[in-house]
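# Coordinates for the following, if possible.
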Amino acid sequence: MSALPRSAGPALEPVREAIRRDAEERAREVVDAATRQAEDIRGRAREEADGIRSRSDADGRDAARTEAALRSARLRRRAGGIVLSQEEELREQLRTEVLAEMAQLRTDPRYPRLLDALRAQARTLLGRQAQLEEAPEGGIIGRLGSRSVNLSLPALADAALERHAGEVRTLWQD
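Coordinates of the predicted model:
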């Protein structure tokens with residue numbers, strides 16, 4: 001496998017930019033879908049929390065203050081657990097959707113250019129002697145001695161989600 005000459009970098013910039021724009025557009029679509037799903041989940045969680053609060057109020061009128069306080073605390077914890085569970089479910093669903101989008105990149109006619117760019121990145125990180133192979137799920141895995149770099153599509157998707165974790169978290173927070 002021969003490396004691209006250094007002068008090829010600027011020539012690849014339009015390809016990189018097109019792939020970046022396409023990925024950003026796909027990411028926006030995924031985030032928009034996730035936002036809609038988050039609103040739906042928040043609405044259901046609020047309805048459940050409202051139902052829990054109503055039951056808690058009725059229990060408080062019928063029971064001693066101490067018992068009502070204990071029940072209310074348990075119900076609030078349960079409601080919080082439900083919200084946390086639904087947030088985790090949404091996070092995992094978003095990850096699944098991002099991974100599915102990344103997998104579709106393999107059918108994109110620009111995928112070979114993306115592989116070339118990933119190979120170049122692996123060599124930049126590890127050195128020209130690095131052994132590179134295409135990852136089964138797409139992308140590149142590079143090794144040089146005890147060092148390795150994972151530029152597979154799932155690893156890149158996970159890294160992108162991690163980089164944007166704060167933005168993703170705001171999708172379901174008030």
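
# so how many other residues sit close to Gly145?
With neighbours defined by other CB atoms under 10 Å, the count for Gly145 comes to 10. (Each C-beta comes from the backbone N, C-alpha and C, glycine too.)

# Okay, buried residues for the one helix or strand Met102 maps to please.
Using DSSP states H and E, Met102 sits within helix 65-104. The neighbour-count check on helix 65-104 (16 or more other CB atoms under 10 Å) flags 68, 72, 75, 79, 82-83, 86-87, 90-91, 94, 97-99, 101-102 as buried.

# State the mean pLDDT of the next helix-or-strand element following that helix.
Using DSSP H and E, the next helix or strand after helix 65-104 towards the C-terminus is helix 111-126. Helix 111-126 carries an average pLDDT of 95.

# what does helix 111-126 contact?
1, 3-4, 12, 15-16, 19, 105, 108, 130, 132, 134, 138-144, 147-149, 151 (CB atoms under 8 Å, 6 or more residues apart in numbering).

# And these, which of them are buried?
Ile19, Leu105, Ala130, Leu132, Gly138, Gly139, Ile140, Ile141, Gly142, Leu144, Val149, Leu151.

# how about a markdown table for those, with pLDDT, distance to Ala120 and secondary structure added?
Below are the buried ones among the contacts of helix 111-126 laid out as a markdown table (pLDDT from 0 to 100; distance: CB to CB, whole Å; DSSP: H, G, I helix; E, B strand; the rest coil):
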| residue | pLDDT | distance to Ala120 | secondary structure |
| --- | --- | --- | --- |
| Ile19 | 79 | 13 | helix |
| Leu105 | 88 | 17 | helix |
| Ala130 | 94 | 11 | coil |
| Leu132 | 96 | 10 | strand |
| Gly138 | 93 | 17 | coil |
| Gly139 | 95 | 13 | strand |
| Ile140 | 97 | 10 | strand |
| Ile141 | 97 | 15 | strand |
| Gly142 | 96 | 11 | strand |
| Leu144 | 96 | 15 | strand |
| Val149 | 97 | 12 | strand |
| Leu151 | 96 | 10 | strand |
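
# Between the residues you listed, which sits nearest Asp50?
Leu105 (42.9 Å; CB to CB).

# Could you give the backbone dihedrals for Gly145?
Backbone torsions of Gly145, given as degrees, to the nearest 10, read phi 60, psi -130.

# how close does it get to Leu125?
Separation of Gly145 from Leu125 (CB to CB, to the nearest Å): 13 Å.

# swap in Arg55?
From Arg55 to Leu125 the distance is 57 Å (CB to CB).

# One more: Val30?
27 Å.

# Over to Arg61?
66 Å.

# The buried residues of helix 65-104: which two are farthest apart?
Ala68 and Met102 (50.6 Å).
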